[in-house]
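Colleague: Using only what follows, build the 3D model:
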Amino acid sequence: RRIVHIAGLPELAHTQARMASLRAEADRRGLPEARSVTTDYSDTGGAEATRRVLAGDPPPTALVYDNDVMAVAGLAVASERGVAVPDRLSIVAWDDSVLCRATHPALTALTRDTATFGRHAAEQLIALLDGGTAVRIQDDLPTLEPRGS
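Modeller: Numbers count the residues shown, from 1 in each chain. Below is the predicted model of the structure:
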């Protein structure tokens, strides 16, 4: 019920979109305590943000991280503070990588076909540079990969 989004750099468009999406969905679901805090995408920044929010009263019940590196750092902070994952705290990583599968518990993550996204972007850029017109492409949306966190 008390969700904190550990976001990346606030000036980036995708960070702003993620924060706005969280706020809109939290409002729709009646979760007024859901919020975002920004950091720099690093393990150090993710760990520090996690320490700050876990020190809150009341602490969050779920953390959603903008990348896997911050999520792994957040899991380590929870462990060092004796906060049981997933019993007292749920953790979700926005990016899925081997890091998410190598932790204990393994981290729940959003998974996507990043290679296809990149290929489509490169193809469209090349087409534009060759004088083509911009087209809209809808790739598959990310899916949630539930794991132990």
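Colleague: and the most far-flung residue of the chain relative to its centre, what element?
Modeller: The C-alpha centroid of the chain is most remote from Gly131, which lies 36.0 Å away (Cα atoms, centre = their mean). Gly131 belongs to no helix or strand when assigned by DSSP states H and E.
Colleague: so where do the strands sit in this structure?
Modeller: Secondary structure of the chain (DSSP state E): strands at 3-7, 35-38, 62-65, 90-93, 108-111, 143-145.
Colleague: of all the ones you listed, which lies closest to Thr44?
Modeller: Checking the strands of the chain against Thr44 by Cβ to Cβ gives strand 3-7 as the closest, at 12.4 Å. C-beta coordinates here come from the backbone N, C-alpha and C atoms, glycine included.
Colleague: So what's the gap between that closest one and the chain middle?
Modeller: 8 Å (Cα atoms, centre = their mean, to the nearest Å).
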